[in-house]
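# Quick one: sequence and predicted model below, then my questions.
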Amino acid sequence: MTVKDVAEKLRVSRSWISKRTRSTAVPRLGFCRVGGQLRFTEEHLQQYLALVDRAPSKAEWVSVVVKQRPGRKV
C-alpha cells in the first residue's frame, strides 16, 4: 500500500502518515522503503493500530522522556 492508500484507509492526511513514520514518533508506524518510496503492509497497519488502541502501561509512560530546549537568554 502507498501513503495515499493508508491515509484513505485511516481517514487522515498524507502528511500525518509521513509524520508517524519518523523515528521520533511514539508509537511509530512501520513501513518498508521500496525505490525511495514508503510502502505499507496490512501487518504494519495492524501492529500500529494495536499499539494505539490500548492504553499505555506505566512503564511505557515512564520510558518516554520529553526533552525541552533550554530557553534562550534575551
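Structure received.
# And the lengthiest helix in the chain, what does it pack against?
With DSSP state H setting the assignment, residue counts place helix 42-53 as the longest helix in the chain. Using 3 or more C-beta pairs under 8 Å, 6 or more residues apart in numbering; DSSP states H and E as the contact test, the elements touching helix 42-53 are helix 3-10. (C-beta placed from N, C-alpha, C; glycine too.)
# Pull out the buried positions in stretch 2-10.
Of the residues in stretch 2-10, 3, 6, 7 count as buried by neighbour count, 16 or more other C-beta atoms under 10 Å.
# any chance of the residues you listed in CSV, with distance to residue 14 and pLDDT too?
Formatted as CSV, the buried residues of stretch 2-10 follow (distance: C-beta to C-beta, whole Å; pLDDT from 0 to 100):
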residue, distance to residue 14, pLDDT
3, 5, 89
6, 9, 88
7, 5, 89
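# Including distance to residue 47, could the residues you listed go into CSV?
Shown next, in CSV, are the buried residues of stretch 2-10 (distance: C-beta to C-beta, whole Å):
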residue, distance to residue 47
3, 17
6, 13
7, 17
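# what about the longest helix of the chain, average pLDDT?
In this model, helix 42-53 has a mean pLDDT of 84.
# can you offset everything so residue one is 8?
Happy to do that; since the first residue is 8 now, the last one works out to helix 49-60.
# Done for today, thanks.
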